[in-house]
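>>> Return a 3D structure for these sequence lines:
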Amino acid sequence: MSIKTDLAKEIIDRIFPEYSKAKTFFRGKTKITRILIDPQEEKLFQKPAGRYVTIEADSPRLPYENFDEEAEAVAAELRELLPKDGNILAVGLGSSFLTADSIGPKVTARTFCKSFGEKKLFLLSPGTEGRTGMEPGRLVRAAVKEFSPAGVILIDSLMAEDIFHICRTVQITDAGLAPGSGICERKNALNAQYLGVPCVAIGTPTAAAFSGKEKVCVSSNDIDILAQRAAALIAAGISLAVFPELGLDFIKETAL
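As a prediction, the model looks like this:
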């Protein structure tokens, strides 16, 4: 069985449509699916055990239509997986020089980065090893050691199987991620075990994989615009999850 997607929901929909640990509900017009993968099911799904949340978002494709509701949905689902107290480190993985791999840096550029109340949100964009000579995971672990956050949010571009899901699906998981797994070779996983603190990964697909005689990755012809809008949505969700007291109207001034 070949699985080319980072999206747990695509795996469920295509291969296990009757999976009992997938629950779908709506927050207003926003469709949300929660999936639980147990440790004994890792090999079956070819994904690490954990909780996976899919938020189907229209605002990146329909300029900011339903943006507020979708940002609040992202924030609510993130809040469920993040530590209740303590500072948070948000890490934007990927390359700002490659649009299909730029979700991470684009999000951190739009996220509220200050102390508020008893919390602080730290932001880090470690770049890629090809440009810095340093493995991003080691830089993240060094930052965790230096600043002792209660939890880490890992932001990255994802790979889908269905081109329809490009910048139209936000996935959140407490299983961590493997930087670059969607765009190139899979590298060392960033997760709670490696970093020593709870990790929540969030991202959106920026490309879709097709397999024929050769593996082909395709993206949308307007991916530069879609990536900007999707990054704004994720950034607003992260800021609101960490600082709900600020309110979405204030947070949007930074995100949009």
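>>> Tell me where the stretch 151-256 of the chain has helices.
Listed in chain order, the helices of the stretch 151-256 of the chain (DSSP state H, counting those that start in this stretch) span residues 192-195, 223-242, 248-255.
>>> Need the winner for burial among these.
Mean neighbour count (mean count of other CB atoms under 10 Å) peaks for helix 223-242 among those, with a mean of 24. (C-beta placed from N, C-alpha, C; glycine too.)
>>> That one vs helix 248-255, what angle?
Between the axes of helix 223-242 and helix 248-255, defined by axes from the mean of the first three to the mean of the last three CA atoms, to 10 degrees, the angle is 140 degrees.
>>> CA atoms only for helix 223-242 - export them in CSV, please.
The C-alpha trace of helix 223-242 is given here as CSV (Å, rounded to 0.1, in the frame of the first residue of the first chain):
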residue,chain,number,x,y,z
ILE,A,223,0.4,28.9,-5.0
ASP,A,224,2.2,32.1,-4.1
ILE,A,225,-1.1,33.8,-3.3
LEU,A,226,-2.7,30.8,-1.6
ALA,A,227,0.4,30.3,0.6
GLN,A,228,0.2,33.9,1.8
ARG,A,229,-3.5,33.5,2.7
ALA,A,230,-3.1,30.1,4.3
ALA,A,231,-0.1,31.4,6.4
ALA,A,232,-2.3,34.3,7.6
LEU,A,233,-5.0,31.9,8.7
ILE,A,234,-2.6,29.6,10.6
ALA,A,235,-0.7,32.6,12.1
ALA,A,236,-4.0,34.1,13.4
GLY,A,237,-5.0,30.7,14.8
ILE,A,238,-1.6,30.3,16.6
SER,A,239,-1.7,33.8,18.1
LEU,A,240,-5.3,33.4,19.2
ALA,A,241,-4.6,30.0,20.8
VAL,A,242,-1.8,31.3,22.9
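>>> Would you mind pulling up the elements that it packs against?
Under the contact criterion of 3 or more CB pairs under 8 Å, 6 or more residues apart in numbering; DSSP states H and E, helix 223-242 touches helix 67-81, helix 103-108, strand 119-127, strand 151-160, strand 169-173, strand 199-211, helix 248-255.
>>> In CSV: those, plus distance to residue 190 and mean pLDDT.
What follows is the helices and strands packed on helix 223-242, written out as CSV (distance: least, CB to CB, whole Å; pLDDT from 0 to 100):
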stretch, distance to residue 190, mean pLDDT
helix 67-81, 15, 97
helix 103-108, 12, 97
strand 119-127, 11, 94
strand 151-160, 6, 96
strand 169-173, 12, 97
strand 199-211, 7, 91
helix 248-255, 24, 94
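>>> quick one: residue 64 and residue 230, what's the gap?
From residue 64 over to residue 230 the distance is 11 Å, taken as CB to CB, to the nearest Å.
>>> Below-threshold pLDDT in the stretch 1-150 of the chain: ranges please.
1-2 (pLDDT under 70).
>>> Show me where it has its strands.
22-27, 30-37, 50-56, 88-93, 115-116, 119-127 (DSSP state E, counting those that start in this stretch).
>>> need these in TSV with distance to residue 10, can you?
Output for these, formatted as TSV (distance: least, CB to CB, whole Å):
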stretch	distance to residue 10
strand 22-27	12
strand 30-37	11
strand 50-56	9
strand 88-93	21
strand 115-116	36
strand 119-127	28
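>>> what's the most buried one of those strands?
strand 88-93 (a mean of 27).
>>> which residues touch that strand?
82, 103-109, 111, 119-126, 136, 140, 143-144, 147, 149-156, 177, 179-180, 190, 238, 242 (CB atoms under 8 Å, 6 or more residues apart in numbering).
>>> one more time with 7 Å
Contact with strand 88-93 is made by 82, 104-105, 107-108, 111, 121-126, 136, 140, 143-144, 147, 149-156, 179, 238, 242, as judged by CB atoms under 7 Å, 6 or more residues apart in numbering.
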